[in-house]
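Chemist: What follows is a predicted structure for the sequence shown.
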Amino acid sequence: MCDNNNITEPVVAVGIVTAQAVDIDFHGAFRCSDGTLAEGPMHFASLQSELTFEPVAPDAVFEVKDVVIGVDFHWERRENQKFAGALCLKPMADGRITVINRIAVEDYLRSVISSEMSATSSPELLRAHAVISRSWLLAQIRKNERIEASGKAYCACTVTDDEIVRWQDREDHTDFDVCADDHCQRYQGVTRQTTAAVAEAIDATRGVVLLDPATGELADARFSKCCGGVFELFENCWEPVHHSYLTVRSDAPDSLLYPDLRYEPRARVWIESSPEAFCNTTDRRILSQVLNNYDQETTDFFRWTVRYTTDELSDLVRERTGIDFGRIISLMPVERGTSGRIVRLRITGTKRSMVIGKELEIRHALSTSHLRSSAFVVDRDGDDFVLRGAGWGHGVGLCQIGAAVMAEKGYTWQQILAHYFPGADLQKKY
């Protein structure tokens, strides 16, 4: 790892929630941009202009009431959350208010590491996650700067009469750098902050990032809960850009030994089996290090099964896509990625047939929240559709459960990063 202190620590703008009205409780004094002093509980609605609140004392925090977390996922719920740093209330064109937290990157990361995983995770896992969370964040900010400088609109959707292909990414946000939910990185302020182990992991890796070996640019370091045994390519989940460090590998000690899961029969055999993989674990002690309490409400990580009647599936797809396919006849993979995840899926009903993608669009269409992943095979059992699947999330980059197992087996944080981001360089930026 080389040391190249060429930038100062950035500040990140995090979107917390958007609502018609917001209730904020100021714990300590905050100076408002209109010159007034804010303390205690305050109610905000129908703002005419943007307001910014800066803490007067370093230990002052603000509490946002009824923040929705896990939006559209099975663990969705509301929480009151406290945040350090500055508060910005931004009025939207539709009359709603967006709550934005401006905070130094390293302080942001202290919460992210505790929000994405249990703060009691092993030190090597915490350090590895600190590096990828920092890299991803700074890469998204830099990417947004380039998009804005180009003056060109960013398009994440292709629609024809026969096909809808879209992906959701950081570019969905225009009023702040990243959101606080699973769409970007879980960030729950000082509500989830922090343990001595998390603080040590952030301090030990301060300013350290992953770089693309080909370009020297910040690496777009992705992560998901469970890859299912084989890594997915970036371009199969997001924009059609290949990153050499986000490539296909097996989540096993011999990472170069993996099947070609783009081939349908081989994908079925893989998904219906239980191959050796770091993330193939039921060890509750390890899982509890990686997963917060609400994540542990789900017990199926590596392999899972979902069953729908034809009527249930037909109603679900119509409600989730807004397209009336009629009575669903078949779900047919058109294209699979390297992890077996379906990139393009043809849905055929009695009224129409259409291809949808990419993976998150497929997961959204086939669940009331989000399907565990798009790596699944489909069987018919009488009137039922049975989906048997692998993994949890998109499977690109670091596999959180796999990385936790690696740390337990004695791998260092540098070895964990080398496994999930092969060829990427480590560099200290500040």
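Modeler: Right, received. Where do you want to start? Numbering: from 1, shown residues only.
Chemist: where exactly do the strands run in the stretch 51-200 of the chain?
Modeler: Remark: strands assigned in the stretch 51-200 of the chain by DSSP state E, counting those that start in this stretch are 51-55, 61-69, 77-83, 86-91, 97-104, 157-159, 163-166, 178-179.
Chemist: show me where pLDDT drops low in the stretch 201-350 of the chain?
Modeler: Scanning the stretch 201-350 of the chain for pLDDT under 70 picks out 292-299.
Chemist: about what we covered before: could you identify which of the strands of the stretch 51-200 of the chain is most buried?
Modeler: strand 178-179 (a mean of 22; mean count of other C-beta atoms under 10 Å). Just so you know, the C-beta spots here come from the backbone N, C-alpha and C atoms, and that holds for glycine as well.
Chemist: can you give me the helices for the stretch 251-400 of the chain?
Modeler: In the stretch 251-400 of the chain, the helices defined using DSSP state H, counting those that start in this stretch lie at 264-271, 284-290, 310-321, 359-365, 400-408.
Chemist: Just name whatever secondary elements the first one is in contact with.
Modeler: In this case it means helix 264-271. Judged by 3 or more C-beta pairs under 8 Å, 6 or more residues apart in numbering; DSSP states H and E, helix 264-271 is in contact with strand 328-336, strand 376-381, strand 384-390.
Chemist: TSV please, covering these and showing distance to L291 and mean neighbour count.
Modeler: Output for these, formatted as TSV (distance: least, C-beta to C-beta, whole Å; neighbours: other C-beta atoms under 10 Å):
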stretch	distance to L291	mean neighbour count
strand 328-336	27	17
strand 376-381	22	16
strand 384-390	18	21
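Chemist: E235: which of these is closest?
Modeler: strand 328-336 (11.7 Å; C-beta to C-beta).
Chemist: out of the strands of the stretch 51-200 of the chain, nearest to I401?
Modeler: strand 61-69 (20.5 Å).
Chemist: what about stretch 385-404, average pLDDT?
Modeler: Taken as a whole, stretch 385-404 has an average pLDDT of 97.
Chemist: got it, and stretch 84-97?
Modeler: 94.
Chemist: chain center to that stretch, what's the gap?
Modeler: Centroid displacement of stretch 84-97 relative to its chain, using C-alpha atoms, centre = their mean, to the nearest Å, is 23 Å.
Chemist: quick one: contacts of that stretch?
Modeler: 13, 18-22, 24, 30, 44-55, 60-62, 98-104, 107, 175, 189-190 (C-beta atoms under 8 Å, 6 or more residues apart in numbering).
Chemist: mind checking the longest strand of the chain?
Modeler: strand 21-32 (DSSP state E).
Chemist: Report the angle between that one and strand 86-91.
Modeler: 130 degrees (axes from the mean of the first three to the mean of the last three C-alpha atoms, to 10 degrees).
Chemist: Outside of strand 21-32 itself, list whatever touches it.
Modeler: Outside strand 21-32, the residues touching it (C-beta under 8 Å, 6+ apart) are 37-46, 51-57, 59-66, 82, 87, 89, 97, 99.
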